[in-house]
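> Curious how this folds, go ahead:
(chains A and B, ligands or ions: 1)
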Amino acid sequence: MPDDVTFREAMTTVLRETLAADDEAFLLGEDVGVYGGAFGVSRGLVEEFGPERVLDTPLSEAGFTGLAIGAAVMGMRPIVEIQFSDFITHCMDQLVNQAAKLRYMFGGAASVPLVLRTPGGAGTGAAAQHSQSLEAWFVHVPGLRVVMPSTPADAQGLFRAAMADPNPVLFYEHKLLYNTKGSLPDQPETYEIGRARCTREGGDVTLVAAGLMHNYALEAAETLAGQNIDAEVINLLSLAPMDSDRVCESVRKTGRLVVVEEDVRTGGWGGELVTRVTEGPAFYALDRAPARVACADTPIPYNKRLEASIRPSPERIVEAVTQVLANDPGRYV
Amino acid sequence: MATRNKTSASTAASTLSDLSAERQLALLEQMQLIRAFDEKVDKLYAKGAMHGTAHFCVGQEACAVGTLCHRHDGDVITGTHRGHGHAIAFGLDPYRMAAELLGKATGYCGGKGGSMHIADVQAGMLGANGIVGGSMGIACGAAFAFKQRAQDHVAVCFFGDGAVQEGIFNETLNLASVWQLPVLFVCENNHYAMSLSAEKATAGGSIANRAASYGMPAEAVDGMDLEAVYTAGARLMNGCRGAGPALIETITYRYLGHSKSDANRYRTREEIAEWRANDPIERYIRTLTERGLLDDERSQALVEAAADQVEQAFGRAERDPEPELSSALEDVYA
Ligand SMILES: Cc1ncc(C[n+]2csc(CCOP(=O)(O)OP(=O)(O)O)c2C)c(N)n1
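Residues are numbered from 1 along each chain as shown, chains lettered A, B, ... in the order given. Sure, this is the predicted structure:
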């Protein structure tokens, strides 16, 4: 099986597969047609499926997201691309007050099977308005699902799951992932939204992350292994719903928890995860206070060194784990 | 792509008098029913018998009735916060609406929507909406689905003069026009967005002109005149079928306050009285009487029948069960 597929290629392939499988599916967004999408994900699709299925929209995020919601209520399967996740602010009403609410307000009489794809995250030097990680906003809105793939295989597995889900799903693609490579399974796999996966077993500390941060956590775990620290890595894959049960299970084994997220620390989803672990019985399994690695509470600066200084990195994860363990009487006394 | 190739306006002028006597009377009945419904709701609030909020469309009945009487099976609508009239004119059951307003399990939304969120998605009523302008994109999406599926239906999108100033108005009119989506935009220009007069809010003065600048057929009509709304509705709604969007600006007035709590400080009694003197229902009664289709007795009977239907709807709804508390946790996800 192909083992050097890029994340971008994996996305393009799964979009092609989706459009081919379902006549009622369509992709819309700014420059998704001949341009191929700002990050090249939809390259070639308009040539294959035509401009009625792959629609270049005007710069009207609220308008076309609203349109996608209406089409979804009518039973179609829209896939919206918001060019940079920062521009989601333009369609907040549509996502928060419309997509997430219609079903509930209407007493269950409607569903909004919409998938909204958007590139998020920092690390590209694109500064404050093109680098944000706003996913925690949506974790806070009942009625939405929020997923974040890390690898090409995740991208496809989660995307298939998102398309099969009858709810609005926000699908975050980290910009730095598009050129990363990975392998695909022999058989197409559809993930289960809300089910985390353990991607590395270990007994000393539980590292939890999603999206690009998961890959950083794996990198950190390699470094830690060199220091005789055996980290278990959990890839959340889905932030809403959040599989805190799987995290608790791991914490019961390791007794230590470090959560890695790229959104800003204050009000981030990591705080929610830590709370869920500590408010339940897994609390008693903890040998030490949990730690969070997150972005500083600032906008993302333009200067590359400044940007790197406030973002999580494999090095900062290693540092956090080392600190947690160093303060750990259970291990060192 | 911005202007329609196909001539949309059907040339044959369609007037109310072309309809059967029965149909003409039915439109009066519908307006009476809408008025009776909102007047009843107003009373229930005054008595403290209802919670939350509601927005009344008393005075605006001709707008929804005059446009929606052109609807065909399969057409859909989106409403607004001032949406009882849209729902009734679309054919929703006043009893289930009453139950929703009373928060009962039997209401359209199981008591979870209330006045501003009444919907019957199955039937094609895609929801009243508590966000000004919030349903304009949804109406376009339904129209998009019709177009993709090569269906001849129309999505009718109601909104107020206040919504015209929201970004989504401009986004959706443009999108509907460049993509030629079968949406009939119906602006109920009742002259006020809460207390702000449309005059002070609308640069350029005319809402219909804004639509025209997006290359779609648009007309401003006297919204107090059912005949005028009907005629424009026939032309523009049929023009939408299998084609692109159109807009009707109905110039109308709301007699009552913005919602149940409104001291009316921004307008005078005289102004309200002047508009009331031009009441759409009274006007239509005169027309029907002149045509020999109605006399005082019949007219009175219609008023009573509407009031009666509303009383029964609310009476029955009041006796209906409250929703189970567990339902508060249901329907978050499909
Ligand atoms: C986005 C948004 N802003 C403000 C409000 C509060 N609000 C509710 S109705 C209204 C006025 C709307 O005026 P218009 O669109 O003319 O409709 P009308 O009430 O006159 O029918 C306002 C400001 C809201 N519900 N949504």
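
> quick one: contacts for A:Tyr35?
The contact partners of A:Tyr35, by Cβ atoms under 8 Å, 6 or more residues apart in numbering or on different chains, come to A:Asp56. C-beta here means a position set from N, CA and C on the backbone, and glycine is covered the same way.

> For it, give its distance to the ligand.
Applying Cβ to the nearest ligand atom, to the nearest Å, the value for A:Tyr35 to the ligand is 32 Å.

> next one: A:Val14
Counting by Cβ to the nearest ligand atom - A:Val14 and the ligand are separated by 36 Å.

> And for B:Ala193?
3 Å.

> which residue does the stretch 151-300 of chain A bring closest to the ligand?
Going by Cβ to the nearest ligand atom, the ligand is nearest to A:Pro168 of the stretch 151-300 of chain A, at 19.7 Å.

> so B:Ile77 makes contact with B:Gly85?
No. Counting by Cβ atoms under 8 Å, B:Ile77 does not reach B:Gly85; the two are 11.2 Å apart.

> follow-up on the earlier one: can you list phi and psi of the closest residue to the residue of the stretch 151-300 of chain A closest to the ligand other than its chain neighbours for me?
Among residues not flanking A:Pro168 along the chain, A:Ala99 sits closest, at 4.2 Å (Cβ to Cβ, 6 or more residues apart in numbering or on different chains). Per-residue torsions, A:Ala99: phi -50, psi -50 (degrees, to the nearest 10).

> Neighbours of A:Ala99, how many?
Neighbour count of A:Ala99, defined by other Cβ atoms under 10 Å in any protein chain shown: 29.

> same thing with the one 3 residues further on?
Other residues near A:Leu102 come to 29 when the count uses other Cβ under 10 Å.

> mind listing what the residue lying closest to B:Leu25 once chain neighbours are set aside touches?
Leaving aside its sequence neighbours, B:Leu25 sits nearest to B:Leu293 (Cβ to Cβ, 6+ apart; 6.4 Å). Listed by Cβ under 8 Å, 6+ apart, the contact set of B:Leu293 reads B:21, B:24-25.

> which intervals of the chain have sub-threshold pLDDT?
Went with chain A since none was named. For chain A, applying pLDDT under 70 flags the ranges A:1-2, A:328-333.

> To clarify, I was referring to chain B.
For chain B (pLDDT under 70), the answer is B:1-13.

> Next to the ligand, which bits of it? Give me the list.
Within chain B, the positions near the ligand by Cβ under 6 Å from any ligand atom are B:55, B:81-82, B:130-132, B:160-163, B:188, B:190, B:192-194, B:258.

> so who does the residue of the stretch 151-300 of chain A closest to the ligand touch?
Contacts of A:Pro168 (Cβ under 8 Å, 6+ apart): A:69, A:72, A:95, A:99-100, A:112-116, A:143-145.

> surely A:Tyr216 meets A:Val260?
Yes. Using Cβ under 8 Å, A:Tyr216 is in contact with A:Val260, at 6.6 Å.

> So is stretch A:23-33 next to chain B?
Yes. Residues of stretch A:23-33 are located near chain B by Cβ under 8 Å from any Cβ of the partner chain, namely A:24, A:26.

> what's the span of that stretch, first residue to last?
18 Å (Cα to Cα, to the nearest Å).

> picking up where we left off before, ok, the residues of chain B next to the ligand vs B:Cys63, which is closest?
B:Glu188 (4.9 Å; Cβ to Cβ).

> now the closest one: how far from B:Arg316?
30 Å (Cβ to Cβ, to the nearest Å).

> Going along the chain, name the helices of the stretch 1-150 of chain B.
Along the stretch 1-150 of chain B, counting by DSSP state H, counting those that start in this stretch, helices occupy B:21-46, B:61-68, B:84-90, B:94-101, B:136-148.

> now the ones you listed in CSV, with mean neighbour count?
What follows is the helices of the stretch 1-150 of chain B, written out as CSV (neighbours: other Cβ atoms under 10 Å in any protein chain shown):
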stretch, mean neighbour count
helix B:21-46, 19
helix B:61-68, 29
helix B:84-90, 27
helix B:94-101, 24
helix B:136-148, 29
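
> OK, now which residue of chain B is nearest to chain A?
Going by Cβ to the nearest Cβ, chain A is nearest to B:Gly137 of chain B, at 1.4 Å.

> Find the nearest non-adjacent residue to the residue nearest in space to the middle of chain B, please.
Centroid-nearest residue in chain B: B:His86, 3.2 Å away (criterion: Cα atoms, centre = their mean). Spatial nearest neighbour of B:His86, excluding adjacent residues (Cβ to Cβ, 6+ apart): B:Gly79 at 3.8 Å.

> For that neighbour, list the residues it contacts.
The contact partners of B:Gly79, by Cβ under 8 Å, 6+ apart, come to B:86-87, B:118, B:125, B:127-129, B:135, B:158.

> likewise B:Arg291?
Contacts of B:Arg291 (Cβ under 8 Å, 6+ apart): B:17, B:24.

> how deep is residue 122 tucked in, by neighbour count?
I went with chain A, as the question did not name one. As a burial measure, A:Ala122 scores 26 neighbours (other Cβ under 10 Å).

> oops, I was thinking of chain B
8.

> any idea whether residue 171 is helix, strand or coil?
You didn't say which chain, so I picked chain A. Under DSSP: H, G, I helix; E, B strand; the rest coil, A:Phe171 falls in the strand class.

> Not quite, go with chain B.
Per three-state DSSP, B:Glu171 ends up helix.

> Near the residue in the stretch 1-150 of chain A positioned nearest to chain B, how many other residues are there?
Nearest residue of the stretch 1-150 of chain A to chain B, counting by Cβ to the nearest Cβ: A:Gly66, 1.4 Å away. For A:Gly66, the count of nearby residues is 30 (other Cβ under 10 Å).

> circling back: was I right to think the residue of chain B closest to chain A contacts A:Leu67?
Yes. Counting by Cβ under 8 Å, A:Leu67 is a contact partner of B:Gly137 at 5.1 Å.

> Overlap of the contact sets of the two?
Common neighbours of B:Gly137 and A:Leu67 (Cβ under 8 Å, 6+ apart) are B:Thr172.

> one step back: of the contacts of B:Leu293, just say which sits nearest to B:Gly141.
Of all these, B:Gly141 sits closest to B:Gln24, with 34.5 Å by Cβ to Cβ.

> thinking again about what came up before, now render the helices of the stretch 1-150 of chain B as a markdown table, adding distance to B:Ser177.
Below are the helices of the stretch 1-150 of chain B laid out as a markdown table (distance: least, Cβ to Cβ, whole Å):
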| stretch | distance to B:Ser177 |
| --- | --- |
| helix B:21-46 | 30 |
| helix B:61-68 | 19 |
| helix B:84-90 | 23 |
| helix B:94-101 | 33 |
| helix B:136-148 | 10 |
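
> wait, which of the ones you listed is closest to A:Pro58?
Nearest to A:Pro58 among these is helix B:136-148; the distance by Cβ to Cβ comes to 12.1 Å.

> Which strands and helices lie in contact with the closest one?
If you count contacts as 3 or more Cβ pairs under 8 Å, 6 or more residues apart in numbering or on different chains; DSSP states H and E, helix B:136-148 packs onto helix A:61-73, strand B:76-78, strand B:155-160, helix B:167-178, strand B:183-189.

> that older thread, same list, the contacts of A:Pro168, but as a markdown table with secondary structure and distance to B:Thr250 please.
Putting the contacts of A:Pro168 into a markdown table (DSSP: H, G, I helix; E, B strand; the rest coil; distance: Cβ to Cβ, whole Å) gives the following:
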| residue | secondary structure | distance to B:Thr250 |
| --- | --- | --- |
| A:Ile69 | helix | 26 |
| A:Ala72 | helix | 30 |
| A:Leu95 | helix | 31 |
| A:Ala99 | helix | 30 |
| A:Ala100 | coil | 32 |
| A:Val112 | coil | 30 |
| A:Pro113 | coil | 34 |
| A:Leu114 | coil | 32 |
| A:Val115 | strand | 37 |
| A:Leu116 | strand | 35 |
| A:Gly143 | coil | 34 |
| A:Leu144 | coil | 36 |
| A:Arg145 | strand | 40 |
